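Chemist: I need the structure of the sequence given here:
(chains A and B)
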Protein chains: 2
Amino acid sequence: MSAIAVNGIDYLRDARELTDRLLDRLMPSADTDPRLLHEAMRYSVMAGGKRLRPILALAAYEYCGGSADEAEQTIHKAMASLEMVHTYSLIHDDLPCMDDDDLRRGIPTCHKKFNEAVATLAGDALHVLAFQLMAETGDNAVVLELAEAVGTSGMLGGQMADLEAEGRTIGRDELINIHTRKTGALLRGSVRIGAILAGTDNETLARLTTYGEKTGLAFQIIDDILDIEGDQQLLGKLVGSDTKNQKATYPGVIGLDAAKQEARQLIDQALAVFDGEEDNVLRFIAGYIGQRNS
Amino acid sequence: MSAIAVNGIDYLRDARELTDRLLDRLMPSADTDPRLLHEAMRYSVMAGGKRLRPILALAAYEYCGGSADEAEQTIHKAMASLEMVHTYSLIHDDLPCMDDDDLRRGIPTCHKKFNEAVATLAGDALHVLAFQLMAETGDNAVVLELAEAVGTSGMLGGQMADLEAEGRTIGRDELINIHTRKTGALLRGSVRIGAILAGTDNETLARLTTYGEKTGLAFQIIDDILDIEGDQQLLGKLVGSDTKNQKATYPGVIGLDAAKQEARQLIDQALAVFDGEEDNVLRFIAGYIGQRNS
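Modeler: The predicted model follows:
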């Protein structure tokens, strides 16, 4: 078993701090050439964040009985990889030609702090490093999982569909499709990667995949809700940006109350995969996602 | 032995056509969702080009006695991967915030044909697909080779250093350092990946690494020369763009004649790794690079 205490809030904090340490250790130093590029990568990655993807991967790894002895060469590298690939997607998403956001994780976005060229390259460099670290686990299956999660059938396909939907009226099914890919695919992938690295059986992997899908979609619906109701200070980014960018959002399509209800249902469906089992961290995380305010 | 005739010009043509077929087969169809993104990826990848990286990988694979039976699952996937990662780098490099180029491979650049957002995502998507295909070879070592070739110690580091050098006077050593990373690293990596997939021994790998380094640097020096002396029609891109962008170039730093001489010396050094051996395709390719006009 992991040394991390199985106690909700403590677990999240410890896993987040572990992620921060891993990222710091596994990213090139800002003193090594190309300095400016490494500085920009570090600026965006070390700006904090919930570290939800690495935490989900770790919790899934532990749920599936992953070895603590092998953690350093497997799940720890995957955790850093997942946060890097997430950060790369945020950096590119924030660019002027995309969502044109000025604030992220409470500080200026990468292209605001540096410039567009550096931000583009820093995103690309985190993208490479994410694949490198995933390959360093020695398990090809998780490299393929990562590619599927962030490729055109996953995250990038969702970002493209999201851009194409701007200013257009879309229905609930199309929105679910966008959200499932844009955000859901990498959250689902994070859970699966943790489980695969632990060498889990197919039945457990299938259950955790359902868990990842449900929490992933709930996460993005709540993101939409927080863009309306959230506290800018807690979120570390400007609220109302979806409206500004004429983004398709869940509250916009089905209304705020219905969106909240749907998020709750998805969390319940995620929790249902653990029916009849002892309490566990993944269950806590789903509940946390359901109630998050940042 | 490969079915491809070992006869210089024929070999290049056949290998280029094989690469085109592989790319067409291994890229998502423009009819599948997200259509616009797939269309943009195909637009840039299928615009042609010398396909030098896949050809180098194939030639190295065959030189090292790689199995023809396993080619489809190994070297062919690696070939497509290398061309995709190269194309992604061109798409991002051409963006307005980077080199701001309008023409590439004889047609409008990706962001000119589509828009900046689509071009950014299309580059990202080719980047993912390149890693996916490399992982599909089942050999983790070549995934790590690719990451090293295109990461901050390779291609991206070179692009960053290239941007930082704009408008500044730099010396020969710094320029070699930029060129070696910006272009040389992926050409070197292509040769190494072909050799590794063939399961070659360390001594041969070391010799081919030298070959890849020397031809890689020669290639970029000749690229600089062609930006001054080349035929726009043959090159498929605007000449003089280095001067326009105040790029550090070899002729700019040591003069045109000295640049030509240095390229010739590098080609000779590349050829020297085959001293005393029968003629082979890699030797032909080095000679071809030394004399190319497009």
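
Chemist: make it CA atoms for all contacts and neighbour counts henceforth
Modeler: OK.

Chemist: which residues of the stretch 151-294 of chain A fall in helices?
Modeler: A:155-165, A:172-179, A:185-197, A:202-229, A:232-235, A:241-244, A:250-254, A:256-272, A:281-291 (DSSP state H, counting those that start in this stretch).

Chemist: what about residue A:27, how many neighbours?
Modeler: Residues near residue A:27, counting by other CA atoms under 10 Å in any protein chain shown, number 17.

Chemist: leaving aside the residues adjacent along the chain, what's closest to it?
Modeler: Counting by CA to CA, 6 or more residues apart in numbering or on different chains, the nearest residue to residue A:27 once its immediate chain neighbours are dropped is residue A:42, at 7.3 Å.

Chemist: how about the residues of the stretch 101-250 of chain A near chain B?
Modeler: Proximity of the stretch 101-250 of chain A to chain B (CA under 8 Å from any CA of the partner chain) is limited to residues A:116-118, A:120-121, A:124-125, A:128-129, A:131-132, A:135-136, A:138-140, A:143-144, A:147-148, A:150-153, A:156-157, A:160-161.

Chemist: could you redo the last one with a cut-off of 7 Å?
Modeler: Residues of the stretch 101-250 of chain A lying close to chain B by CA under 7 Å from any CA of the partner chain are A:116-117, A:121, A:125, A:128-129, A:132, A:135, A:138, A:140, A:143-144, A:147, A:151-152, A:156-157, A:160-161.

Chemist: and the strand or helix carrying residue A:121, how far out from the chain's middle?
Modeler: For residue A:121, the element it lies in under DSSP states H and E is helix A:116-136. Helix A:116-136 sits 16 Å away from the centroid of its parent chain (CA atoms, centre = their mean, to the nearest Å).

Chemist: next one: stretch A:173-187
Modeler: So, by CA atoms, centre = their mean, the centroid of stretch A:173-187 is 12 Å from its chain's centroid.

Chemist: residue closest to the middle of chain A?
Modeler: Nearest to the mean C-alpha position of chain A, counting by CA atoms, centre = their mean, stands residue A:53 at 4.4 Å.

Chemist: thought it was touching residue A:189?
Modeler: No: using CA atoms under 7 Å, residue A:53 is not in contact with residue A:189, being 8.7 Å away.

Chemist: I figured residue A:236 hits residue A:106, correct?
Modeler: Yes: the pair residue A:236 / residue A:106 is scored as a contact, 3.7 Å apart, by CA under 7 Å.

Chemist: send the alpha carbons of stretch A:186-194 over as CSV?
Modeler: Output of stretch A:186-194 as CSV, limited to C-alpha atoms (Å, rounded to 0.1, in the frame of the first residue of the first chain):
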residue,chain,number,x,y,z
LEU,A,186,-7.9,12.8,-20.8
LEU,A,187,-9.5,12.3,-17.4
ARG,A,188,-10.7,8.9,-18.5
GLY,A,189,-7.3,8.2,-19.9
SER,A,190,-5.6,9.2,-16.7
VAL,A,191,-7.7,6.6,-14.7
ARG,A,192,-7.0,3.9,-17.3
ILE,A,193,-3.3,4.6,-17.4
GLY,A,194,-3.0,4.2,-13.6
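
Chemist: give me phi/psi at the residue located most distally from the centre of chain A?
Modeler: Farthest-out residue of chain A from its mean C-alpha position, per CA atoms, centre = their mean: residue A:33, at 28.8 Å. Here is the backbone geometry of residue A:33 (degrees, to the nearest 10): phi -70, psi 140.

Chemist: for residue A:107, same thing?
Modeler: Residue A:107 adopts backbone torsions of phi -130, psi 170, taken as degrees, to the nearest 10.
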